[in-house]
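In: just to be clear, the model below is a prediction. Sequence and coordinates:
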Amino acid sequence: MEVIALCIRLMLGVLVLLVAQVHHSYFAQKADAAFPRIVPDRLQFIEYETVSVHCEENDGFTRWRVKTKLNKINLTNSDCNTSAPSCTINPTFERHRGEYWCEDEEGEKSDAVNISVTAGSVILGSPAHPVLEGDDVILYCKNKKTQTQQIADFYKDGSHLRTQYMGNMTIQNVSKSDEGLYKCSISGAGESPESWLKISKQTSNEKTTDSPQSPYSRSPHLLTLLLIIVGALLVALLWLAVGLPLCRKHKGKKTTFQLITS
């Protein structure tokens with residue numbers, strides 16, 4: 001009985017290691033592909049606006065926490081509690097500009113987004129999340145002093161792209177070549193900061209939507225569960241085919257040896 005119990009414990013140990021490995025690989029993949037969700041969905045803000053950073057999942061799983069590296073000073077408790085899965089800063093000031101990312105207690109990190117906060121009058125509206133190849137993206141130039149659309153000049157990597165008389169610019173069917181630093185300017189109002197427009201390759205599992213979901217809502221929970229079940233079945237089959245006969249054989253030898261010696 002002791003030998004069989006030892007074999008069973010060994011089988012359970014192998015199963016636990018398998019589940020842990022799948023779990024670690026799954027969340028590492030999530031962290032590499034994920035981005036914090038910014039509300040409203042843009043990278044540039046004018047002082048005294050409100051911005052929220054979210055790391056929690058749609059299913060309520062809150063192992064992720066907001067982290068930041070600011071260009072001037074660290075956040076204080078009154079600005080944002082960075083041990084929470086979401087963070088709201090109201091009002092924003094220039095000191096809040098910097099990198100924001102999601103991180104768990106094991107040190108897994110998402111990709112970072114760089115938020116700009118300006119004391120000026122002009123900002124560029126560009127999506128905080130990566131844009132999928134083949135999608136259309138709209139960039140707009142906003143002047144806080146007026147609600148009317150104004151003539152705006154758009155720039156990429158320091159070079160003038162075009163002048164738009166309605167204050168926004170559409171890039172159709174984006175590709176990796178459209179990735180870069182964008183900014184805009186409005187005559188008499190000023191120039192916006194620069195922000196990076198990231199383009200991601202679209203996989204067969206991703207669907208383009210008008211309003212992006214939280215990056216963690218696309219995580220393949222069913223696939224991970226299936227991998228764990230298949231792994232468990234393989235371990236069980238291996239145990240029935242090899243482990244159990246060996247344990248019985250070893251037990252039989254031990255019994256025979258005890259009869260001979262007695």
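Out: Perfect, I can see it now.
In: residues contacting Val66?
Out: Counting by Cβ atoms under 8 Å, 6 or more residues apart in numbering, Val66 touches 36, 53-55, 80, 82, 84-87, 100, 102. All C-beta atoms are positioned from the backbone trio N, CA, C, and that covers glycine.
In: wait, Lys142
Out: Applying Cβ under 8 Å, 6+ apart to Lys142 gives the contacts 122-125, 167.
In: beta partners for the closest residue to Leu70 other than its chain neighbours?
Out: Excluding the flanking residues, the one nearest Leu70 by Cβ to Cβ, 6 or more residues apart in numbering is Gly98, at 3.6 Å. With DSSP bridges as the criterion, Gly98 is bridged to Leu70, Ile115.
In: Gly98 against Asn114, yeah?
Out: Yes: Gly98 lies in contact with Asn114 (Cβ atoms under 8 Å); the separation is 7.2 Å.
In: for the protein, what spans make up the helices?
Out: Taking DSSP state H as the criterion, the chain contains helices spanning 2-33, 221-238, 244-261.
In: by mean pLDDT, show me the worst of these.
Out: Across those, helix 2-33 has the smallest mean pLDDT, namely a mean of 51.
In: end-to-end on stretch 149-165?
Out: 8 Å (Cα to Cα, to the nearest Å).
In: pLDDT weak spots in the stretch 101-250 of the chain?
Out: Applying pLDDT under 70 to the stretch 101-250 of the chain flags residues 203-228, 230, 235-250.
In: now do the strands in it.
Out: In the stretch 101-250 of the chain, the segments counted as strands under DSSP state E, counting those that start in this stretch are 113-118, 122-125, 131-132, 137-143, 152-156, 159-164, 168-171, 180-186, 190-191, 195-197, 199-200.
In: if we can go back for a sec, among the contacts of Val66, which ones are in strands?
Out: 53-54, 86-87, 100, 102 (DSSP state E).
In: what's the farthest-apart pair in those residues?
Out: By the measure Cβ to Cβ, Ser86 and Tyr100 form the most distant pair in these, at 11.3 Å.
In: which residues does the residue lying closest to Ser86 once chain neighbours are set aside contact?
Out: Leaving aside its sequence neighbours, Ser86 sits nearest to His54 (Cβ to Cβ, 6+ apart; 4.6 Å). His54 makes contacts with 36-39, 66, 85-87, 214, as judged by Cβ under 8 Å, 6+ apart.
In: now swap in Val39 and tell me
Out: Residues counted as contacts of Val39 (Cβ under 8 Å, 6+ apart) are 51-54.
In: again with Cys184
Out: By Cβ under 8 Å, 6+ apart, the contact set of Cys184 is 122, 124, 139, 141, 152-155, 191-192.
In: likewise Met166?
Out: Gln149.
In: how much space between it and Asp41?
Out: Applying Cβ to Cβ, to the nearest Å, the value for Met166 to Asp41 is 20 Å.
In: still on that earlier bit, what's the closest of the contacts of His54 to Thr118?
Out: Nearest to Thr118 among those, with distances taken as Cβ to Cβ, is Ile38, at 15.9 Å.
In: for Asn168, list each beta-bridge partner.
Out: The partner residues for Asn168, given DSSP bridges, come to Tyr140.
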